[in-house]
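Novice: Sequence first, predicted model second:
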Amino acid sequence: MIDISKLVRENIRNLQPYSSARDEYSGKPGVFLDANENPYGTLNRYPDPYQQKLKKELSRHKDITSEYLFIGNGSDEIIDLTLRIFGNPGNDKVMIFPPTYGMYEVSASINELKIIKVPLNDNFQIDINNAEKYFGDENLKVIFICSPNNPTGNSMHPESIEYIIRNFKGIVLLDEAYSDFSEKPSFLKKTEKYPNLIVMQTFSKALGLAAARIGIAITNPEIISYYNKVKPPYNVSTINQKAALEKLSQGIDYRKQVHEIISERERVAEEIKKLPITIKVFPSDANFLLVKVTDANYIYNKLVNNDIIVRNRSSLVENCLRITIGTHYENDLLLETLKNILM
Ligand SMILES: Cc1ncc(COP(=O)(O)O)c(C=O)c1O
């Protein structure tokens, strides 16, 4: 059995968290003269620091109790908080599987943590034998797994993910930012079984609320209590909590949108495959395609000249562009422009 408290940094274990006015009084509404707020206006009150309404709705949507939920100011805040809780600056390490989402490495560097990089294999899958060599390192505290992975678009084999969770005695942060675009099941319910598993999701992709900055960590109540200890007291604004609640109440709409994006992804993939500039379209479980082309820099610039901006990922995967799936109209513009690029 993993003792989570032993993995937590000593200063965080002993931390006396900030106690806000809303922490100290959470009874029925009255005359609020406790938080130095302005008495006038509609956005004059501090937000609910624990986002209880939103968590209640999310708990229904995700079929998991509220005690397993933490809301961050985007997933990026959750990545940083996780490292602040578990990584001793200067001594501890994290593991990543590149090419992958860049913020794991940036956040680890900000927190002065060393980074063990175990590159994905030729099929963009985790090289378990190589990763496993480091599991005994007691300074290795957090392993980041991104599935579906950005920028490659594929999901990691579920057996590999579960193998790591079972055999690594530190924290596994599984980033499922794109899982709504995939048919592979989420690992979120497995947080009830594995105390070292944190599943991270976001409102920024399938739910279309990137502007609202709502990230979700799903994990056991012990880890949730550490997140609540280290987070800024009012980390999610009232406006953003409302936007997220509104989005959840339109359940059917966003699911229809996700279906539309998936069917566009398949159409765009088929069309791009036919082009002479294309070497390979990698299979995708996300809302983007990774495409290997004959000359990524040249094609990227040609697209920019036509006001179409994709992501040139050549520095991570040779001659590859990452193309986000847009509306039907936007995708047609992209395809038309690509067809007209002559090498
Ligand atoms: C894999 C992955 N995780 C997390 C994020 C960021 O999510 P958020 O907008 O919730 O900070 C991104 C954004 O591109 C991403 O690709």
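Specialist: That came through fine. Here the structure is a predicted model, which is why all the values come from computation and not from measurement.
Novice: Which element, helix or strand, includes residue 289?
Specialist: Assigned by DSSP states H and E, residue 289 belongs to strand 288-293.
Novice: Contacts for whichever helix or strand comes after that strand, please.
Specialist: Next in sequence after strand 288-293, counting helices and strands by DSSP H and E, comes helix 296-305. Contact partners of helix 296-305, identified using CB atoms under 8 Å, 6 or more residues apart in numbering, comprise 277, 293, 309-310, 312-314, 319-321, 334, 337-338, 341, 343. Every C-beta, even on glycine, is put in place using the N, C-alpha and C of the backbone.
Novice: Mind doing that once more with 7 Å?
Specialist: The contact list for helix 296-305 (CB atoms under 7 Å, 6 or more residues apart in numbering) reads 277, 293, 310, 312, 314, 319-321, 337, 341.
Novice: can you tell me which of these are up against the ligand?
Specialist: The subset of the contacts of helix 296-305 lying close to the ligand, counting by CB under 6 Å from any ligand atom, is empty.
Novice: domains in this structure, as residue ranges please.
Specialist: Listed domain ranges for the chain are 7-249, 252-339 (source: automatic domain parsing).
Novice: coming back round to it: please narrow the contacts of helix 296-305 to those residing in helices.
Specialist: Under the assignment DSSP state H, the contacts of helix 296-305 contribute residue 337 to helices.
Novice: Please pick the buried ones from the contacts of helix 296-305.
Specialist: Neighbour-count burial (16 or more other CB atoms under 10 Å) applied to these gives 277, 293, 310, 312, 314, 319-321, 337, 341.
Novice: Switch those residues over to CSV; also include pLDDT.
Specialist: Below are the buried ones among the contacts of helix 296-305 laid out as CSV (pLDDT from 0 to 100):
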residue, pLDDT
277, 96
293, 97
310, 98
312, 98
314, 96
319, 97
320, 98
321, 98
337, 97
341, 89
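Novice: which among the contacts of helix 296-305 gets closest to residue 236?
Specialist: For the contacts of helix 296-305, the residue nearest residue 236 by CB to CB is residue 310; the value is 31.1 Å.
Novice: these two touch, right, the closest one and residue 326?
Specialist: No - in this structure, residue 310 is not within contact of residue 326 by CB atoms under 7 Å, at 10.2 Å.
Novice: Excluding sequence neighbours, find me the nearest residue to residue 221.
Specialist: Leaving aside its sequence neighbours, residue 221 sits nearest to residue 67 (CB to CB, 6 or more residues apart in numbering; 4.4 Å).
Novice: How many residues are close by that neighbour?
Specialist: 13 (other CB atoms under 10 Å).
Novice: Let me know the pLDDT of it.
Specialist: Here, the pLDDT recorded for residue 67 equals 98.
Novice: would it count as being in a helix?
Specialist: Yes - the assignment for residue 67 by DSSP: H, G, I helix; E, B strand; the rest coil puts it in a helix.
Novice: From the ligand, how far out is it?
Specialist: Distance from residue 67 to the ligand, counting by CB to the nearest ligand atom, to the nearest Å: 22 Å.
Novice: And residue 199, by the same measure?
Specialist: 12 Å.
Novice: Quick check: residue 144 is in a strand.
Specialist: Yes - looking at residue 144 with three-state DSSP, it is inside a strand.
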